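Enquirer: Need a 3D model of the following:
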Amino acid sequence: QVQLVESGGGLVQAGGSLRLSCAASGRTLSSYIMGWFRQAPGKEREFVAAINRSGGSTYYADSVKGRFTISRDNARNTLYLQMKSLKPEDTAVYYCAADQDNTGVLYTRTVKYDYWGQGTQVTVSS
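Expert: Coordinates of the predicted model:
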């Protein structure tokens, strides 16, 4: 199985940018479809973005489309989330997740992902 560790979170002003990283160990990242999710206080965990094994296909939540970019470097075993034009409503703990199924489908539901990182806090001030 794979272990995932997120980093890159922090405090940023509205309109600013951050890049999150998710480092994988234990198994090569290329074995998994990968996703980013987030959870704000008092809310359910929600889908942000997903990417297929090769990185050639991506899918985004409407709330982040055009502002966030998911990418992966399989040689470095690392997943990324570039976030621009951040808004206060983007404040949440961000999690990366791995889907080991071979369907090729980019799922948005949390139950479809098998492995999770511990999360990294992103706070956007107004």
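
Enquirer: hey, let's count contacts and neighbours off CA atoms from now on
Expert: OK.

Enquirer: Roughly how far does the most centrally placed residue in the chain sit from Gln121?
Expert: Centrality entry for the chain: nearest residue to the mean C-alpha point is Trp36, 2.1 Å, by C-alpha atoms, centre = their mean. Computed as C-alpha to C-alpha, to the nearest Å, the Trp36 to Gln121 distance reads 13 Å.

Enquirer: ok, now Ser63?
Expert: 18 Å.

Enquirer: where along this protein do the strands fall?
Expert: In the chain, strands defined by DSSP state E lie at 3-7, 10-13, 18-25, 33-39, 46-51, 58-60, 68-73, 78-83, 92-99, 115-116, 120-125, listed in chain order.

Enquirer: right, so of those strands, which gets closest to Val105?
Expert: The closest of those to Val105 is strand 33-39. By C-alpha to C-alpha, the value is 8.4 Å.

Enquirer: name the helices or strands packed onto that closest one?
Expert: strand 46-51, strand 92-99 (3 or more C-alpha pairs under 8 Å, 6 or more residues apart in numbering; DSSP states H and E).

Enquirer: and if we set it to 10 Å?
Expert: With contacts defined as 3 or more C-alpha pairs under 10 Å, 6 or more residues apart in numbering; DSSP states H and E, the packing partners of strand 33-39 are strand 18-25, strand 46-51, strand 58-60, strand 68-73, strand 78-83, strand 92-99, strand 115-116, strand 120-125.

Enquirer: orientation of that strand relative to strand 46-51 in degrees?
Expert: Using axes from the mean of the first three to the mean of the last three C-alpha atoms, to 10 degrees, one finds that strand 33-39 and strand 46-51 are set 160 degrees apart in direction.
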